[in-house]
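# No letters, just coordinates:
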């Protein structure tokens with residue numbers, strides 16, 4: 001009983017739903033089809049001659065929009081209902097005339113069937129085409145989606161390929177760096193002196209770092225003591241002066257002080273920190289700078305600096321490479337310094353041995369006369385009956401002899417220092433005008449006694465240089481004393497100075513007999529004199545002057561013409 005109730009309720013619900021769907025959609029379609037057919041019939045009544053065409057058009061329209069079966073049923077039903085129950089008799093007579101015999105009816109039905117078939121075919125074709133279009137759009141959307149996926153995969157593959165290429169390049173670069181480091185360390189392991197180490201690290205190391213120039217320094221007590229070698233510098237005298245002044249703004253000084261590398265990665269940084277010791281032409285080629293402290297057993301023993309034309313990329317492998325290069329150089333430097341110290345000790349011992357022999361020879365010959373004078377004058381001074389005038393002149397002779405011995409001994413000590421490489425300089429402001437004025441005052445009386453004109457020409461420039469003023473004065477004194485010694489009475493000795501090509505030039509010219517080419521070849525040899533029998537000195541003045549010039553990063557040379565005199569030139573770079 002409940003089952004039947006349930007079945008009736010379900011059936012009722014189904015019917016209601018079907019009716020609701022029909023009212024919502026099917027009823028509108030049927031109403032539209034009936035309206036189209038009624039319009040066709042109305043036209044047929046108005047224009048009987050075109051009745052076939054109008055009715056066929058109405059039927060075809062219904063078939064096109066609503067399907068063949070449904071359209072035919074509705075169309076024929078509308079025609080029958082209208083003809084049987086609705087149309088007036090006169091309208092019926094019109095239709096009877098149109099469809100007056102069986103052939104006409106058959107023909108109309110055949111035409112309707114053909115039109116219905118054709119229209120249905122077109123309708124289905126259109127529906128199929130619309131479905132195909134929808135499917136094609138779906139396929140195109142799927143294809144576009146797949147293309148996006150393919151493009152994404154392609155991009156990922158491209159990125160992977162680029163990453164692989166970068167990794168390959170980096171691997172090749174790392175391998176090249178490792179090979180270069182092995183080459184440098186092999187050269188450092190065979191280097192026995194600091195000069196050999198400088199050659200190895202500033203040739204192979206410079207190429208491995210792809211730098212344009214560099215220099216290697218020794219460090220003592222936390223300060224840069226010596227430039228062992230440099231590559232890429234036309235003249236490193238300015239570099240030496242900068243380090244000798246102890247400029248705290250220099251990158252290598254900072255690296256040594258803080259025991260850490262210093263990178264200057266742009267031209268602006270380089271100019272701000274380092275341009276003070278370079279010429280403009282040099283600085284134009286510098287795009288980056290690296291200063292490395294060389295640390296051994298926790299102590300900074302040296303420094304290494306490189307200049308680059310452009311700032312290189314810094315990766316972890318580059319930092320490791322520079323660290324290993326610095327460590328290998330520091331270890332080799334410590335080993336070589338021990339070797340150099342031992343060799344220097346042997347060389348110093350040999351030099352001192354030769355110096356003792358030279359001193360003994362000088363004492364045996366050149367100091368004999370002044371010592372005899374000191375002995376004789378001392379005995380004379382002990383005589384109680386010696387007159388005051390005679391005592392005064394004897395004391396003056398004694399003083400001159402002692403001064404001569406002091407000068408000879410001082411020259412010997414300077415030569416020994418130069419041979420041992422220990423000629424010390426006290427660098428500071430040096431007034432060129434004051435130095436030349438003091439020289440004029442010191443030699444004016446002697447020149448007058450010899451009948452020689454001592455002049456200041458050309459006038460010295462009003463310039464202050466960084467130099468050891470006492471040593472520069474000693475150099476000029478030696479040159480002027482030598483010129484007065486070989487200039488005859490009535491001649492002239494001129495002292496002058498000028499600036500040329502960023503250098504200070506000091507000159508001492510005389511009108512003496514001149515110097516032959518053979519004599520010029522030995523002019524700066526110690527214990528050599530142009531006149532073998534001339535014992536007015538040891539032949540050390542010019543060698544000492546040359547040593548002082550070179551210690552200042554300068555040079556000393558002579559120009560001479562027989563019969564026209566000689567000119568000695570001293571040139572040193574201007575301090576910045």
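Nice, I can see it. Small disclaimer: the values here were computed from a predicted structure and weren't measured. Numbering: from 1, shown residues only.

# Run through the residues that contact the closest residue to residue 425 other than its chain neighbours.
Once flanking residues are discounted, residue 425 sits nearest to residue 468: 4.2 Å by CB to CB, 6 or more residues apart in numbering. C-beta here means a position set from N, CA and C on the backbone, and glycine is covered the same way. The neighbours of residue 468, taking CB atoms under 8 Å, 6 or more residues apart in numbering as the test, are 425-428, 430, 548, 551-552.

# can these go into a markdown table with extra columns for secondary structure?
Converted to a markdown table, those look like this (DSSP: H, G, I helix; E, B strand; the rest coil):
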| residue | secondary structure |
| --- | --- |
| 425 | coil |
| 426 | coil |
| 427 | coil |
| 428 | strand |
| 430 | strand |
| 548 | helix |
| 551 | helix |
| 552 | coil |
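
# Tell me the buried residues within these.
Buried members of the contacts of residue 468, scored by 16 or more other CB atoms under 10 Å, are 427, 430, 548, 551-552.

# Looking at those, spot the one nearest residue 402.
Checking the buried ones among the contacts of residue 468 against residue 402 with CB to CB, the nearest one is residue 548 at 24.7 Å.

# any idea how far the closest one is from residue 375?
Distance of residue 548 to residue 375, computed by CB to CB, to the nearest Å: 34 Å.

# Same check on residue 344?
40 Å.

# Who has more neighbours out of the two?
Neighbour count, other CB atoms under 10 Å: between residue 344 and residue 375, residue 344 has more, with 15 against 12.

# For the more buried one, identify the helix or strand it belongs to.
helix 316-365 (DSSP states H and E).

# cool, residue 556 as well?
Assigned by DSSP H and E, residue 556 falls in strand 555-561.

# Skip ahead from that strand and say which helix or strand is next.
In N-to-C order, the element after strand 555-561 by DSSP H and E is strand 565-573.

# That next one - which strands sit beside it in the sheet, and in what orientation?
strand 503-510 (antiparallel), strand 555-561 (antiparallel) (DSSP bridges).

# Flag every buried residue along the helix or strand that contains residue 543.
For residue 543, the host element (DSSP H and E) is helix 541-551. With burial defined by 16+ other CB under 10 Å, the residues of helix 541-551 counted as buried are 541-549, 551.

# how close does residue 452 get to residue 302?
For residue 452, the distance to residue 302 - CB to CB - is 52 Å.

# And those two? Which one has more around it.
Of the pair residue 452 and residue 302, residue 302 is the one with more neighbours under other CB under 10 Å, namely 31 against 21.

# hang on, the earlier thing: residue 524: which of the strands paired with strand 565-573 is closest?
Comparing the strands paired with strand 565-573 by CB to CB, strand 555-561 comes nearest, at 7.7 Å.

# circling back to that earlier point, let me have the contacts of residue 468 in JSON lines, extended by pLDDT and distance to residue 36.
As requested, those are exported to JSON lines (pLDDT from 0 to 100; distance: CB to CB, whole Å):
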{"residue": "425", "pLDDT": "79", "distance to residue 36": "122"}
{"residue": "426", "pLDDT": "81", "distance to residue 36": "124"}
{"residue": "427", "pLDDT": "86", "distance to residue 36": "118"}
{"residue": "428", "pLDDT": "89", "distance to residue 36": "120"}
{"residue": "430", "pLDDT": "90", "distance to residue 36": "122"}
{"residue": "548", "pLDDT": "85", "distance to residue 36": "127"}
{"residue": "551", "pLDDT": "83", "distance to residue 36": "122"}
{"residue": "552", "pLDDT": "86", "distance to residue 36": "120"}
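
# quick check, nearest of those residues to residue 326?
Proximity to residue 326 was ranked across the contacts of residue 468 by CB to CB; first place goes to residue 427, at 29.1 Å.

# What are the phi and psi values at the closest one?
phi -70, psi 130 (degrees, to the nearest 10).

# likewise residue 498?
The phi/psi pair for residue 498 (degrees, to the nearest 10) is phi -160, psi 170.

# where's it relative to residue 506, distance?
9 Å.

# Which neighbours do the two have in common?
Joint contacts of residue 498 and residue 506 (CB under 8 Å, 6+ apart) are residue 460.

# neighbour count winner among the two?
Neighbour totals were compared for residue 498 and residue 506, and residue 506 leads with 25 against 14 (other CB under 10 Å).

# so what's the more buried one up against?
432, 436, 460, 476, 495-497, 569-571.

# which stretches of the stretch 351-500 of the chain form helices?
368-382, 388-420, 432-449, 469-486 (DSSP state H, counting those that start in this stretch).

# ditto for the stretch 201-350 of the chain
Counting by DSSP H, counting those that start in this stretch, the helices of the stretch 201-350 of the chain are 204-209, 237-245, 251-258, 267-274, 280-283, 316-365.

# Least confident of the ones you listed, on average?
Across the helices of the stretch 201-350 of the chain, helix 280-283 has the smallest mean pLDDT, namely a mean of 43.

# roughly how far is stretch 148-167 from the heart of the chain?
Taking CA atoms, centre = their mean, to the nearest Å, one finds stretch 148-167 lying 31 Å from the centre of the chain it belongs to.

# Kindly report the same for stretch 334-345.
35 Å.

# Now tell me what touches that stretch from outside.
Contacts for stretch 334-345 (CB under 8 Å, 6+ apart): 191-194, 196-197, 218, 296, 301, 421.

# Farthest pair within these?
Going by CB to CB, the pair spanning these furthest: 296 and 421, at 23.5 Å.

# Looking at these two, which is more packed in?
The neighbour comparison of residue 296 against residue 421 (other CB under 10 Å) goes to residue 296, with 17 against 13.

# So what pairs up with that one in the strands?
Assigned bridge partners for residue 296, using DSSP bridges, are residue 299.

# how close does it get to residue 319?
Distance from residue 296 to residue 319, by CB to CB: 19 Å.

# try residue 154
For residue 154, the distance to residue 319 (CB to CB) stands at 36 Å.

# One more: residue 508?
55 Å.

# Quick one: the strands in the stretch 151-300 of the chain, in order.
213-220, 223-231, 262-264, 288-296, 299-308 (DSSP state E, counting those that start in this stretch).

# now the fourth one against strand 213-220, angle please.
Translated: strand 288-296. 30 degrees (axes from the mean of the first three to the mean of the last three CA atoms, to 10 degrees).

# elements contacting strand 288-296?
helix 251-258, strand 262-264, helix 267-274, strand 299-308, helix 316-365 (3 or more CB pairs under 8 Å, 6 or more residues apart in numbering; DSSP states H and E).

# number of nearby residues for the closest residue to residue 458 other than its chain neighbours?
The shortest distance from residue 458 to any non-neighbouring residue, by CB to CB, 6+ apart, is to residue 496 (4.2 Å). Counted with other CB under 10 Å, the neighbours of residue 496 add up to 18.
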